[in-house]
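In: when you get a sec, could you give me coordinates for this:
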Amino acid sequence: MRKRNGPKASLIYLHRPVVSTKATPADCSVCGRGLAEGYTVTARALPGVGVRLFCHVHCP
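Out: Here you go, the predicted structure:
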């Protein structure tokens, strides 16, 4: 017995969704050091400020 294709199987998408991305270097918010200098970088959520990146020297 052949399986019938449902209505979703025959849909043709005419437009591809637009995906936008933004990448920034992972540098410390305090001193500007990052992975290129050999420092580890950690993201922390601070109340009232949002997410900030800190190196292992300035991590709260």
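In: now residue 50: how far from residue 18?
Out: 26 Å (CB to CB, to the nearest Å). To be clear about C-beta, it is placed using only N, CA and C from the backbone, and glycine gets the same treatment.
In: between these two, which one's more packed in?
Out: residue 50 (8 against 5; other CB atoms under 10 Å).
In: now residue 19: how far from residue 40?
Out: 30 Å.
In: those two - which one has more neighbours?
Out: Higher neighbour count among residue 19 and residue 40: residue 40, with 14 against 5, using other CB under 10 Å.
In: and the nearest residue to that one once chain neighbours are set aside, what is it in contact with?
Out: By the measure of CB to CB, 6 or more residues apart in numbering, the closest residue to residue 40 outside its immediate chain neighbours is residue 56, 4.8 Å from it. Contact analysis of residue 56 by CB atoms under 8 Å, 6 or more residues apart in numbering lists 39-40, 42.
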